[in-house]
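*Asks:* how would this look folded up:
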Amino acid sequence: MQEFFHSVTLDKDKCMGCINCIKRCPTEAIRVRNKKAHIITERCIDCGECIRVCPHHAKRATCDSLDVLHEYEYVIALPAPSFMAQFNNLEDVDIVLNALLDFGFDSVFEVAKAAELVSAATRQLMKGGNLPRPVISSACPAVTRLIRVRFPSLIEHILPLNAPIEVAARLAKKEAIQKTGLPAEKIGAVFISPCPAKVTATKMPLGTEKSAVDAVVAVSDIYTQLLPFMKQTITEPPKTVSESGKIGLSWGSSSGEASGLINDNYLAADGIENVIRVLEDLEDEKFRDVDFIELNACSGGCVGGVLNVENPYVARTKLYRIRKHLPVSMNHIEEIGPEMLWDTPLEYVPVLKLDEDMGAAMEKMARVEEIADSLEGLDCGSCGAPSCRALAEDVVRGVASVDDCVFKYKAGIQSLLKDIHKLEHYIPAPFRPEEGNEEEKS
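*Replies:* Down below sits the predicted model:
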């Protein structure tokens, strides 16, 4: 079984054993046992939904420290399009970009710029007609990993292009090498991330063996530290640094990528539950007439990432305001470069299989159905599993017991009490408690 890196981690000291996380996890990757949550690593897709709903802040995302700026001779900032939507009353992206330079980065390469290049490459590939329809965006790593573990039949529909953050890192390093003459290992590309899934994507990339992104810092970690530099920048006109237009910035919210294809025959969905419904319908071939499907695990798109600081719907409005006076696009391509294309195909990861042997798997599945039918079907989560069927699977896998179900446990206790009552008839009369004695004593 392939080992997974995870940016989402659990602090067991803070975990109180509530079941908020198990009910919201899209891949049923969390269980609560002995009053503590447990993450099934091979199932987790690092969507961050558990971070969002945990009332005790026991789930968190592991990101790099800003000290990474001192680890390289030349450091490049890669701000996500959604990063621009975190600030109040911002109308000029250059204010943020100049603040990043004043903060300590040696250069800035907008991920929005790379997004426009990816949009142009997508238009070319789809025009060629060689991609199976509908094409599914590869930009959200949580969705891509979800497809790999739960919807293997849809893998061939995923767009074989690197996500904009990977394209941005590759192009930025290429420019930095030409500009400085430094070797690649002395140049650091630091992505400013809105979500933990993108942290994971740089450590365990999809479509390539090694990511060009060297570190990932959370939007929430750099946001407050950047504000003083932004105020300083406002006192004088900022230098023109931005090289992206409406299409690039639009990638920060839902339907932004799809609208950049200049093709109305698309579907865009955001929020992990909605994404799963779309994928299930797609698996059932309900979207035969759609050319492109954009899916974002976070509600609202990347503006809804758990590492952001602004309300996603407010951020989306801000993003629209910022891009209002921008050109449609500032980046075009004549041919698709190697930095954009995957060099490693995606493969199915069978983490949900009950057994490698098909015959044994069928027998276990029948046992799962039998156990699930014997349960109450309330999916209450009191057993520590997200649903009755999940508990049945755990029982078959040997990691849980049917008695973990509170209703089964209660029925067992009641049956035991009845058996004890029957035993009273075998107690000699002189030693048998008389009816009413207990009440008189009380």
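
*Asks:* Show the contacting residues for Phe79.
*Replies:* For the record, residue 79 is Pro, not Phe. Taking CB atoms under 8 Å, 6 or more residues apart in numbering, we find Pro79 in contact with Val96, Leu97, Leu100, Val108, Glu110, Val111, Ile192. From N, CA and C alone the C-beta is placed, and that goes for glycine too.

*Asks:* what do you get if the cut-off is 6 Å, keeping everything else the same?
*Replies:* Ile192 (CB atoms under 6 Å, 6 or more residues apart in numbering).

*Asks:* Just list whatever residues bridge to it.
*Replies:* Beta-bridge partners recorded for Pro79 (DSSP bridges): Ile192.

*Asks:* Do a quick rundown of the strands in the protein.
*Replies:* 8-10, 30-33, 36-39, 59-61, 74-79, 107-108, 135-136, 187-193, 215-218, 266-270, 292-296 (DSSP state E).

*Asks:* Make a markdown table out of the ones you listed and add distance to Leu171 and mean pLDDT.
*Replies:* Output for the strands of the chain, formatted as a markdown table (distance: least, CB to CB, whole Å; pLDDT from 0 to 100):
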| stretch | distance to Leu171 | mean pLDDT |
| --- | --- | --- |
| strand 8-10 | 29 | 93 |
| strand 30-33 | 38 | 94 |
| strand 36-39 | 35 | 94 |
| strand 59-61 | 26 | 93 |
| strand 74-79 | 10 | 98 |
| strand 107-108 | 12 | 98 |
| strand 135-136 | 23 | 96 |
| strand 187-193 | 10 | 98 |
| strand 215-218 | 17 | 97 |
| strand 266-270 | 26 | 95 |
| strand 292-296 | 23 | 97 |
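
*Asks:* what would the ones you listed look like in CSV with distance to Ala360?
*Replies:* Listed next are the strands of the chain as CSV, based on distance: least, CB to CB, whole Å:
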stretch, distance to Ala360
strand 8-10, 32
strand 30-33, 23
strand 36-39, 25
strand 59-61, 34
strand 74-79, 47
strand 107-108, 55
strand 135-136, 32
strand 187-193, 41
strand 215-218, 41
strand 266-270, 36
strand 292-296, 34
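
*Asks:* For the residue nearest the centre of the chain, give me its contacts.
*Replies:* The chain has Cys47 as the residue nearest its centroid, 2.1 Å off, counting by CA atoms, centre = their mean. Residues in contact with Cys47 (CB under 6 Å, 6+ apart) are Ala142, Ala197, Ile272, Ala297.

*Asks:* So for stretch 357-375, mean pLDDT?
*Replies:* Averaging pLDDT along stretch 357-375 yields 93.

*Asks:* CA-only coordinates of that stretch, as PDB, when you get a sec.
*Replies:* Taking Å, rounded to 0.1, in the frame of the first residue of the first chain, the C-alpha atoms of stretch 357-375 are listed here in PDB:
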ATOM      1  CA  ASP A 357      -8.500 -11.300  -3.400                       C
ATOM      2  CA  MET A 358     -11.700 -10.800  -5.300                       C
ATOM      3  CA  GLY A 359     -13.400 -13.900  -3.900                       C
ATOM      4  CA  ALA A 360     -12.500 -12.900  -0.300                       C
ATOM      5  CA  ALA A 361     -13.600  -9.400  -1.000                       C
ATOM      6  CA  MET A 362     -17.000 -10.500  -2.200                       C
ATOM      7  CA  GLU A 363     -17.500 -12.700   0.900                       C
ATOM      8  CA  LYS A 364     -16.500  -9.800   3.200                       C
ATOM      9  CA  MET A 365     -18.900  -7.500   1.300                       C
ATOM     10  CA  ALA A 366     -21.700  -9.900   1.900                       C
ATOM     11  CA  ARG A 367     -20.800 -10.000   5.600                       C
ATOM     12  CA  VAL A 368     -20.800  -6.200   5.700                       C
ATOM     13  CA  GLU A 369     -24.300  -6.100   4.200                       C
ATOM     14  CA  GLU A 370     -25.500  -8.700   6.700                       C
ATOM     15  CA  ILE A 371     -24.100  -6.700   9.700                       C
ATOM     16  CA  ALA A 372     -25.400  -3.400   8.300                       C
ATOM     17  CA  ASP A 373     -28.900  -4.800   7.900                       C
ATOM     18  CA  SER A 374     -28.800  -6.000  11.500                       C
ATOM     19  CA  LEU A 375     -28.000  -2.500  12.800                       C
END
